[in-house]
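Asks: no FASTA, just this:
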């Protein structure tokens, strides 16, 4: 990728790396780069902007809107919504594009800008690179309009209701009632002090679930702080302590989810995709009898798929690459271990709350608790070490001979009983060293040895 956009948009420290000036420039560049592809020039283009709850999101959303307005694009401001709401509404309302101001699961000091085209899908790499080139060019100037040609901002009335109605229509209207008859009386929700705080009452509570919520009081600084899908312990304790039947933890912009069963055990994205894939296949609804996952998926997921005659297609890390593979082959289920899961019958991007509803629907139709469903998916021990490096270090990683030779030695030692993955993060200044195998002590030793070599070579 280029210098501004990673695997999930532009991201960095708000007001130093992701500045108002940059947001303004991105607004200019989106309109300039996209107009021939997405904009119908017979009428004024319209763009949707959503945001999460972090303190800097309104500042950046307004700067982005100003950039779009200056090039003659009208902007609908959705306020705090989940990222998948932006993707849905752009398509459903016939808009020409959309953006979400969010840094997803990162702490509050970070922020980012995710871009969507008129189909509701994330922009392809080539178009993001065109936008980057416009921003970084010293000669390409935005064609500012004047008078009545200047774009306007208006509230996106009905955004939350349209989005939640769409999700409710994806499951049986008697979902909560039927689950109560099966003993699933109470569910727990960790809203990460983020976008899910806005939508969960209109979803789970309106259906009749008895909901217990944590991390449901955003103050602009507490998004993802010891909560949400990257900090599961609080939800696990909350479920066990209070006797909930199931729990769901979203991230800051609610496009991912991880689950907790009634015992407090974790069901990650691999397990959720596996459970849903098996159920969809049993109903003849899993297209191509295939689930799409990334290179980060656990070896146990592939063992489960082989046992259940389900094909697993593997992509690079990033939900955009999962969706590309799904679209190219007509598949309708894919996801990441981290909880980005795409049900393309209902959405064009990962959606944590949609996924939670779909998993509850599997529980309703099978009559099984989550613990029983998840127990069928084996999980191999996995060790992940994150090493902070410079941007230059990220660029050098894949071609460094000592790192690659050390990885090959580790693979040879593990043989067919394990695997080694060294990956450059697309959203953070990190190199991720991940090993799987049957011997925890062995993979921990090898992971730490590899991480030390990465530090020596790339810091």
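Replies: Structure received. These numbers come from a predicted model, not from an experiment. Numbering: from 1, shown residues only.
Asks: and the residue lying farthest from the centre of the chain, backbone torsions?
Replies: Using Cα atoms, centre = their mean, the residue of the chain lying farthest from its centre is residue 147. It sits 39.7 Å away. The main-chain torsion angles of residue 147 are listed as degrees, to the nearest 10 and equal phi 60, psi -130.
Asks: again, but for residue 349
Replies: phi -150, psi 170.
Asks: from what I can see it touches residue 123, true?
Replies: No - taking contacts as Cβ atoms under 8 Å, residue 349 lies outside contact range of residue 123: 11.9 Å. To be clear about C-beta, it is placed using only N, CA and C from the backbone, and glycine gets the same treatment.
Asks: Spell out which residues are contacts of both of the two.
Replies: Contact criterion Cβ atoms under 8 Å, 6 or more residues apart in numbering; residues bridging residue 349 and residue 123 by contacting each: residue 116.
Asks: for the stretch 201-350 of the chain, what spans make up the strands?
Replies: 210-214, 246-250, 257-260, 266-267, 290-294, 311-315, 333-335, 341-343 (DSSP state E, counting those that start in this stretch).
Asks: Out of the ones you listed, the one nearest residue 361 is which?
Replies: Checking those against residue 361 by Cβ to Cβ gives strand 341-343 as the closest, at 10.5 Å.
Asks: which residues touch that closest one?
Replies: Residues beyond strand 341-343 that count as contacts (Cβ under 8 Å, 6+ apart) turn out to be 170, 256-257, 269, 272-273, 276, 319, 322-323, 326, 332-335, 348-351, 354-355, 358.
Asks: Stretch 132-145 now?
Replies: 2-5, 22, 25-26, 28-29, 31-33, 67, 70-72, 151.
Asks: Out of those residues, list just those in strands.
Replies: Judged by DSSP state E, strands contain the following of the contacts of stretch 132-145: residue 5.
Asks: out of the contacts of stretch 132-145, which are buried?
Replies: Buried members of the contacts of stretch 132-145, scored by 16 or more other Cβ atoms under 10 Å, are 4-5, 22, 25-26, 28-29, 31-33, 67, 70-72, 151.
Asks: Start from the N-terminal end of the stretch 201-350 of the chain and give the helices.
Replies: Using DSSP state H, counting those that start in this stretch, the helices of the stretch 201-350 of the chain run over residues 206-207, 233-242, 269-282, 299-307, 319-329.
Asks: Save the ones you listed as JSON lines, and put in distance to residue 414, mean neighbour count and mean pLDDT too.
Replies: Compiled in JSON lines, the helices of the stretch 201-350 of the chain are given as follows (distance: least, Cβ to Cβ, whole Å; neighbours: other Cβ atoms under 10 Å; pLDDT from 0 to 100):
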{"stretch": "helix 206-207", "distance to residue 414": "46", "mean neighbour count": "15", "mean pLDDT": "93"}
{"stretch": "helix 233-242", "distance to residue 414": "29", "mean neighbour count": "17", "mean pLDDT": "98"}
{"stretch": "helix 269-282", "distance to residue 414": "20", "mean neighbour count": "24", "mean pLDDT": "98"}
{"stretch": "helix 299-307", "distance to residue 414": "11", "mean neighbour count": "18", "mean pLDDT": "95"}
{"stretch": "helix 319-329", "distance to residue 414": "26", "mean neighbour count": "20", "mean pLDDT": "94"}
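Asks: Looking at these, spot the one closest to residue 114.
Replies: The closest of the helices of the stretch 201-350 of the chain to residue 114 is helix 319-329. By Cβ to Cβ, the value is 9.9 Å.
Asks: tell me the angle the closest one makes with strand 290-294.
Replies: 150 degrees (axes from the mean of the first three to the mean of the last three Cα atoms, to 10 degrees).
Asks: what angle do helix 319-329 and strand 311-315 make?
Replies: What separates the directions of helix 319-329 and strand 311-315 is an angle of 130 degrees, with the same axes, to 10 degrees.
Asks: Which secondary structure state is assigned to the nearest residue to residue 202 once chain neighbours are set aside?
Replies: The spatial neighbour of residue 202 that comes closest, neighbours along the chain excluded (Cβ to Cβ, 6 or more residues apart in numbering), is residue 164 at 4.2 Å. For residue 164, the reduced secondary structure class is helix; criterion used: DSSP: H, G, I helix; E, B strand; the rest coil.
Asks: Counting neighbours, what do you get for residue 164?
Replies: Residue crowding around residue 164 was assessed by other Cβ atoms under 10 Å; the count is 20.
Asks: Distance check, it against residue 175.
Replies: 14 Å (Cβ to Cβ, to the nearest Å).
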